[in-house]
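In: coordinates for the following, if possible.
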Amino acid sequence: MAANQNHASGAADLLIVGAGAKAAAIAAKVHVLNRLGLGPISLTIVEKTEPAASWLGRNGMTSGEEPLAIPPIKDVGFPYQSYRQFGEAGDAIDAGILPFTFQRYAVERRDYAPWVNSGSPPVRHRDYGEYLGWVLSRATEGVSHWHGRVTEVSLDAEAGRWSVAVEDRASPRDPDRHSGNALVLTGPGVHREFSHDPAVADRVFHCDSPRSDFARVPAEEDAEIAIVGGGESALSALVLLRAFRPRARLSVYTPTLPLSRGESFLENRVFADPDDVGWSRLDLQTRRDFVKHCDRGVFDMTVLASIADDRMCSFLTGRVLHVAAAEGGEGVVLEHESPDGVLGAPYDFVVNCTGFDLLAQLRGLFADELRAEVERQAGPIWDAPPGTPVPIGRALELEGVTPPLHIPGLGGLSQGPGFANLGSLGLLANRVLQPLLAETLGARGEEALSQVNQRSLLFD
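Out: Numbers count the residues shown, from 1 in each chain. Next comes the predicted model:
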């Protein structure tokens, strides 16, 4: 990581908030494009904690021990079909990404043969996070990294650029400012609001709570814990608590009975490249149903198998309404809808795994004036009626907003389910970068392709 310098000047072509999987994929692609002579493209990445913070198990979200829901060969370059976005230059671009593959990473660590010989089992979240950190450390051409917490996002419409204020713990009163001609916002967002009495706050955990918080669950008692949610966050909490507090009884509340997503050819095709099924031409309900049954409301099959005979784990259907204080102050009462009406069930602790809200995170970063300007250009976003799709365009940008504001995490419904997770990181990077290359591949034509062909022969 580069050392911070106060009041950094100059605007990058692309400014990314968050050094996770999406940033790693874009950084690797920028590195390759610059090496091939298709740049110059400048990229600035700002991260408040550490690269791949959400995966390593030190910052909430995950304990790091859970199995990755996708095979790691779906790495930062997958699906390696760049010809679809970049024409004849695409093959050289994909070849240039090969030094960033999970295979190359595992070979360098001397882990590849043991992994293959053991049947290519799922890797842990922590392993995947270390791979992402390795990618970010190698993607250097035109890429700079800055450490600090983004406290504010602003827009200079006249100059056509975005700016972020970055607070460094060493000098919180003198934040750095970094700007970019386009802004990419990554990360899962903040946990969704969960209705509960203030008196029980210390008994309610969230899916982004630091894992050390779970130490409040007594090890010597048979605690009753409710986990609310039906996706990967709930599964992560279940796996952690089962290992951390083996005597605890775990009750998982889901809207429907738990489902698992099989790795079928068709499902994988949709995640890898939604154009294969004409995703944008499908009606809205068809897209909603696919996302619901193949992404948001499903558990990993491997983990479900590991708890299949766990008699201290149960699943209940119903929507949780409120968590109240139990009479006498010991424990909580979970109020939830059931076929028999609204019921209350006693628990010692509750874990809110109902998901993350990226728009709520943006509300905290965008001042009132900026939100008003964004909605003036794009239409209602924060105050739109529930269920209204966010207008995300083909470059994973908020449609109508100038300069571009890319929010890949909101693109699952409009552009394809893989953009909201790890299903198509290479395609995600291509979509975001395609507008920057349009002029290069268009105006320079044969000259640009000639440079690509010559440089690709020299790639190591």
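In: max-length helix in the protein?
Out: helix 425-443 (DSSP state H).
In: my read: Lys29 touches Leu433, true?
Out: Yes: counting by Cβ atoms under 8 Å, Lys29 does reach Leu433; the two are 5.9 Å apart. Every residue, glycine included, has its C-beta placed from N, CA and C.
In: more neighbours: those two, which one.
Out: Comparing Lys29 with Leu433 by other Cβ atoms under 10 Å, the one with more neighbours is Lys29, at 29 against 26.
In: looking at that one now. What's its pLDDT?
Out: The model reports Lys29 with a pLDDT of 97.
In: look up phi and psi at it.
Out: Main-chain torsions, Lys29, degrees, to the nearest 10: phi -70, psi -40.
In: thinking again about what came up before, for the longest helix of the chain, the averaged confidence score.
Out: Computed over helix 425-443, the average pLDDT equals 86.
In: using PDB, write down the CA coordinates of that helix.
Out: Taking Å, rounded to 0.1, in the frame of the first residue of the first chain, the C-alpha atoms of helix 425-443 are listed here in PDB:
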ATOM      1  CA  LEU A 425     -15.800 -10.900 -11.700                       C
ATOM      2  CA  GLY A 426     -14.000 -10.800 -15.100                       C
ATOM      3  CA  LEU A 427     -17.200  -9.700 -16.900                       C
ATOM      4  CA  LEU A 428     -17.900  -7.200 -14.200                       C
ATOM      5  CA  ALA A 429     -14.500  -5.600 -14.800                       C
ATOM      6  CA  ASN A 430     -15.100  -5.600 -18.500                       C
ATOM      7  CA  ARG A 431     -18.500  -3.900 -18.200                       C
ATOM      8  CA  VAL A 432     -17.100  -1.100 -16.000                       C
ATOM      9  CA  LEU A 433     -14.000  -0.500 -18.100                       C
ATOM     10  CA  GLN A 434     -15.700  -0.800 -21.500                       C
ATOM     11  CA  PRO A 435     -16.700   2.900 -21.700                       C
ATOM     12  CA  LEU A 436     -13.000   3.900 -21.100                       C
ATOM     13  CA  LEU A 437     -11.800   1.700 -23.900                       C
ATOM     14  CA  ALA A 438     -14.500   2.500 -26.400                       C
ATOM     15  CA  GLU A 439     -12.500   5.600 -27.700                       C
ATOM     16  CA  THR A 440      -9.200   3.700 -27.700                       C
ATOM     17  CA  LEU A 441     -10.500   0.700 -29.700                       C
ATOM     18  CA  GLY A 442     -12.600   2.900 -32.000                       C
ATOM     19  CA  ALA A 443     -10.400   5.900 -32.900                       C
END
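In: could you give me the buried positions within that helix?
Out: 425-434, 436-437, 440-441 (16 or more other Cβ atoms under 10 Å).
In: so how far is it from its chain's centroid?
Out: From the chain centre to the centre of helix 425-443 is a distance of 21 Å (Cα atoms, centre = their mean, to the nearest Å).
In: same for it, what does it pack against?
Out: strand 14-17, helix 21-35, helix 83-86, helix 445-456 (3 or more Cβ pairs under 8 Å, 6 or more residues apart in numbering; DSSP states H and E).
In: now do the third one: everything it contacts.
Out: Contact with helix 83-86 is made by 90-91, 93-94, 273, 275, 427, 430-431, 434, 437, 441, as judged by Cβ atoms under 8 Å, 6 or more residues apart in numbering.
In: quick check: phi and psi at the nearest residue to Pro380 once chain neighbours are set aside.
Out: Using Cβ to Cβ, 6 or more residues apart in numbering and skipping the chain neighbours, the partner closest in space to Pro380 is Thr388 (7.3 Å). With angles defined as degrees, to the nearest 10, Thr388 sits at phi -70, psi 120.
In: can you classify His145 by secondary structure?
Out: Assigned by DSSP: H, G, I helix; E, B strand; the rest coil, the conformation of His145 is strand.
In: wouldn't it be in contact with Ala19 here?
Out: Yes: here His145 reaches Ala19: they are 6.9 Å apart, a contact under Cβ under 8 Å.
In: any residues in contact with both of the two?
Out: Here His145 and Ala19 have 45-47, 51, 136 as joint contacts, going by Cβ under 8 Å, 6+ apart.
In: by neighbours, which of these wins?
Out: Ile45 (29 neighbours).
In: what is the nearest of the contacts of helix 83-86 to Ser118?
Out: Nearest to Ser118, judged by Cβ to Cβ, of the contacts of helix 83-86 is Asp94 at 28.1 Å.
In: mind jotting down where the helices sit in the stretch 251-400 of the chain?
Out: For the stretch 251-400 of the chain, helices defined by DSSP state H, counting those that start in this stretch occupy the ranges 265-272, 284-291, 301-306, 358-365, 368-378.
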